[in-house]
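# here are the coordinates; sequence isn't available:
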């Protein structure tokens, strides 16, 4: 017999969003004998009347107010209030797709927890033109998580693949592990932190791509983008404090090169520079209005980078010195790639760790190609990246060296 | 004047190529089976020497690099080690009253590698039973779509199968055995919404076929492209491919409302349904991949009258889908695409077609493209009304 499931929806109290997340679930949840526990936090949690949301008239939906904490406290409160054997956590910025509950229930097993897929929204009408910034963020997120669905990397799923939304696990296990970390300053990254604890305790992450939610098409507010990036930075410091062994896997320890690295280091040393994010935001807006899409994209990156490092700096204190974080940044793994031979089926560096591919030909070092932490590790994708990174002379030497290929008789004379 | 169409594998090429009695050759260059470029040649005495080809390749920096890249890539990621795609796939051919052409298309589809789940022939309101009889000679699934219109047929195909990916082609296209699987291989993650392939000319026997190929035909180049709305504006969807070789994630057909019945053959808009579908896929945040490794060949129209009618339809359909995107999606950026297309393509071609230009396109064809433009407002209104 299938376990009974409780859906815990943490919401800041937006009535329209609540309708969109709860309504599609009611039939499916009721059909499995489950329930939906809506926990309203923030201002709405202090006074439910302000929310103005009329829950559907069914016993399967309950509304609870969490007046003190943030989103992680709301999720924990929902877990305590729930009566099902399995909990499914959702936020109110998603729209569940059919079969969500059944897919998570099917994936449940002892010592396992399931994470579903979260897709970018699929608007077809007037929405994109006015909400491009928001969609870019949503797509970047989906892209970052793309590797979860690739058949050649299932073994390399890590704590960064765990999301606090669309996560299901046994209620008893959740409570035994202490639930979400309510101390994370911004409330963000709760999924990563809980995911790490679950994995460290021996639980296995099962990715269920058919358990899908679509991200609700959100507001294009630049302020919310900056706040989100800043919150990520603050939370990363919080996670690093609680789990020093995790620092190498957090974005604060990723070796950032070029202008991003310089900007990040500058903000860490001079916190007032974090205010740059607001200045850049204005410039980005102007660039977008002027139709300068490339410039607008670069400014947006700069804005989010400044905000992220501003968040990191704001969360630092004397116990966690700046130099300690910088010292934690690992050098990328170096992998030797011989241009004359096929790449291995699987690169020795898993997803989540940056690598530097040192390309050799005829026993000599030709070039090096960066492989970012979350780039695909598939042989085809890595080969494309290497080939695109080489200059024409290096490619010509490759052809010249491969004498088994009777290609371009003149090439031997030139390079040979 | 007819033009020889040659396929040349550069690896191991050592003998001369005879193109006589043709005075001109359209040479598709391949490295390890994959096309890397095309050259037009008028060889003396009807013979092409390998050294001539290599001289052309070395003179063209971009082509030379593509050849070298292909060798390096094949060494690092040998095709025989390619994993089988995890997505299931089916092929859809929409046809109407062209049984002889359909038979050739189905014969090429019968050679497909990669185990497609099914090949679906959608008979779009044919006037005779001949299409059914042709389909019965092959191992295909035959379905009927009584509403005339290519996009009605494409949507019907999507409801006829449960495969993850649906690969569309037309009934005047012949495909290579790895065409389908090379398109489906591009669906490496949930964000890939569509993939398109390279379409070469099947023959260049007539002046009309040559003129169409020189106009650009269906080819989108020999460099793989992997784009989304951040790296290429959706309004430029037309540069990514065409319905002759188009794979889409099947669930998106319903979710995004792809293949709007107001567009493409059978509707007053006449064409544009495939481009608008790619546009919507990009707008929704999905990636679109163009891969020259998926090769199909198109049988171009043989007569000038057919060609003129077709290019006029392209103009009508092209501007109609942009108008549709402007009004339905509120996307102002398509206005720029429309103005650029008019200025660079329509006005530009007619300017080049003037007497005295060193390589003028056929004037009648250039004028025919202009003739399609005034039809746009009424095509749009009638299309909307009919749906």
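It's in. Since the structure is predicted, the reported quantities are computational estimates derived from the model, not experimental observations.
# list the buried residues for the helix or strand containing residue A:284?
For residue A:284, the element it lies in under DSSP states H and E is helix A:276-289. Residues of helix A:276-289 classed as buried under the neighbour-count rule (16 or more other C-beta atoms under 10 Å in any protein chain shown) are A:276, A:277, A:280, A:281, A:283, A:284, A:285, A:287, A:288. For the C-beta atoms, the positions are set from N, CA and C on the backbone; glycine is no exception.
# may I see the buried residues of stretch B:46-66?
B:46, B:48, B:50, B:52-54, B:56-58, B:63-66.
# now do the strands in the stretch 201-350 of chain B.
Taking DSSP state E, counting those that start in this stretch as the test, the strands found in the stretch 201-350 of chain B are B:225-227, B:246-249, B:287-298.
# out of those strands, deepest packed?
Ranked by mean neighbour count, the strands of the stretch 201-350 of chain B are led by strand B:246-249 with a mean of 28 (mean count of other C-beta atoms under 10 Å in any protein chain shown).
# name the strands paired with that strand and say parallel or antiparallel.
Using DSSP bridges, the strands paired with strand B:246-249 are strand B:165-170 (antiparallel), strand B:192-201 (antiparallel).
# hang on, the earlier thing: packing partners of the helix holding residue A:284?
helix A:222-242, helix A:293-315 (3 or more C-beta pairs under 8 Å, 6 or more residues apart in numbering or on different chains; DSSP states H and E).
# tell me the pLDDT of the closest residue to residue B:68 other than its chain neighbours.
Take residue B:68 and drop its neighbours on the chain: the residue closest to it by C-beta to C-beta, 6 or more residues apart in numbering or on different chains is residue A:395, 3.7 Å away. Per-residue pLDDT puts residue A:395 at 91.
# spit out the contact partners of residue A:395.
Counting by C-beta atoms under 8 Å, 6 or more residues apart in numbering or on different chains, residue A:395 touches A:387, B:65, B:68, B:69, B:71, B:72.
# kindly report the same for residue B:125.
With the criterion set at C-beta under 8 Å, 6+ apart, residue B:125 makes contact with B:96, B:145, B:146, B:147, B:148.
# apply 10 Å and report the result again.
B:96, B:97, B:144, B:145, B:146, B:147, B:148, B:149, B:152, B:153, B:266 (C-beta atoms under 10 Å, 6 or more residues apart in numbering or on different chains).
# in three-state terms, label the second one for me.
Using DSSP: H, G, I helix; E, B strand; the rest coil as the criterion, the local structure at residue B:97 reads coil.
# just the third one next, same as before
Residue B:144 falls in the strand class when you classify it by three-state DSSP.
# lowest-confidence helix or strand of chain A?
Every helix and strand of chain A was ranked by mean pLDDT, DSSP states H and E. The lowest is helix A:127-130, at a mean of 50.
# thought residue A:314 was touching residue A:236?
No: counting by C-beta atoms under 10 Å, residue A:314 does not reach residue A:236; the two are 11.7 Å apart.
# joint contacts of those two?
Joint contacts of residue A:314 and residue A:236 (C-beta under 10 Å, 6+ apart) are A:185, A:186.
# when the two are compared, which one has more neighbours?
Between residue A:314 and residue A:236, counting by other C-beta atoms under 10 Å in any protein chain shown, residue A:236 is the more crowded of the two (28 against 16).
# the lengthiest strand in chain A near chain B at all?
Determined from DSSP state E, the single longest strand within chain A is strand A:204-215. Yes: using C-beta under 10 Å from any C-beta of the partner chain, strand A:204-215 reaches chain B at A:209, A:212, A:214, A:215.
# of those residues, closest to residue A:105?
residue A:212 (14.7 Å; C-beta to C-beta).
# ok, so what distance separates that closest one from residue B:251?
10 Å (C-beta to C-beta, to the nearest Å).
# ok so, going back, now the longest strand of chain A: buried residues?
A:205, A:206, A:207, A:208, A:211, A:212, A:213, A:214, A:215.
# so which of the buried residues of helix A:276-289 comes closest to chain B?
residue A:288 (12.1 Å; C-beta to the nearest C-beta).
# and the pLDDT for that closest one?
For residue A:288, the predicted pLDDT is 73.
# how about the strands of the stretch 201-350 of chain B in CSV, adding distance to residue B:122?
Compiled in CSV, these are given as follows (distance: least, C-beta to C-beta, whole Å):
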stretch, distance to residue B:122
strand B:225-227, 29
strand B:246-249, 14
strand B:287-298, 18
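# out of those, which is closest to residue B:237?
When these are compared (using C-beta to C-beta), the closest one is strand B:287-298, at 7.6 Å.
# quick one, the closest one and strand B:165-170 angle?
40 degrees (axes from the mean of the first three to the mean of the last three C-alpha atoms, to 10 degrees).
# partner strands of strand B:287-298, parallel or antiparallel?
By DSSP bridges, strand B:287-298 pairs with strand B:173-175 (antiparallel), strand B:192-201 (parallel), strand B:225-227 (antiparallel).
# for it, give the mean pLDDT please.
According to the model, strand B:287-298 has a mean pLDDT of 96.
# next: stretch A:214-234.
The model assigns stretch A:214-234 a mean pLDDT of 78.
# list the buried residues of that stretch.
Those would be A:214-218, A:222, A:225-234, for stretch A:214-234 by 16+ other C-beta under 10 Å.
# list the contacts for the closest residue to residue B:130 other than its chain neighbours?
Nearest non-adjacent residue to residue B:130, counting by C-beta to C-beta, 6+ apart: residue B:99, 4.1 Å away. Contact analysis of residue B:99 by C-beta under 10 Å, 6+ apart lists B:123, B:126, B:128, B:129, B:130, B:131, B:132, B:133, B:134, B:135, B:171.
# one step back: can I get the buried residues of helix A:276-289 in TSV including distance to residue A:265?
Shown next, in TSV, are the buried residues of helix A:276-289 (distance: C-beta to C-beta, whole Å):
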residue	distance to residue A:265
A:276	13
A:277	15
A:280	17
A:281	21
A:283	21
A:284	22
A:285	26
A:287	25
A:288	28
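# which one of those residues is nearest residue A:170?
residue A:277 (40.7 Å).
# quick one, helices of the stretch 51-200 of chain A?
According to DSSP state H, counting those that start in this stretch, the stretch 51-200 of chain A carries its helices in the segments A:71-81, A:100-107, A:127-130, A:132-144, A:171-176, A:190-200.
# the second one close to chain B?
No: Helix A:100-107 lies apart from chain B when judged by C-beta under 10 Å from any C-beta; the minimum separation is 14.5 Å.
# give me phi/psi at residue B:90?
phi -130, psi 160 (degrees, to the nearest 10).
# please apply the same query to residue A:365.
According to degrees, to the nearest 10, residue A:365 has phi -80, psi 130.
# give me the low-pLDDT residue ranges for chain B?
B:1 (pLDDT under 70).
# contact partners for residue A:171?
By C-beta under 10 Å, 6+ apart, the neighbours of residue A:171 are A:3-6, A:8, A:79-80, A:82-87.
# can we see that at 6 Å?
A:85, A:87 (C-beta atoms under 6 Å, 6 or more residues apart in numbering or on different chains).
# returning to what we had before: going by distance to residue B:114, which of the buried residues of strand A:204-215 wins?
residue A:207 (25.5 Å).
# where does the closest residue to the closest one other than its chain neighbours land on pLDDT?
In space, residue A:207 comes closest to residue A:148 once its chain neighbours are excluded; the distance is 4.9 Å by C-beta to C-beta, 6+ apart. If you check residue A:148, the pLDDT there is 71.
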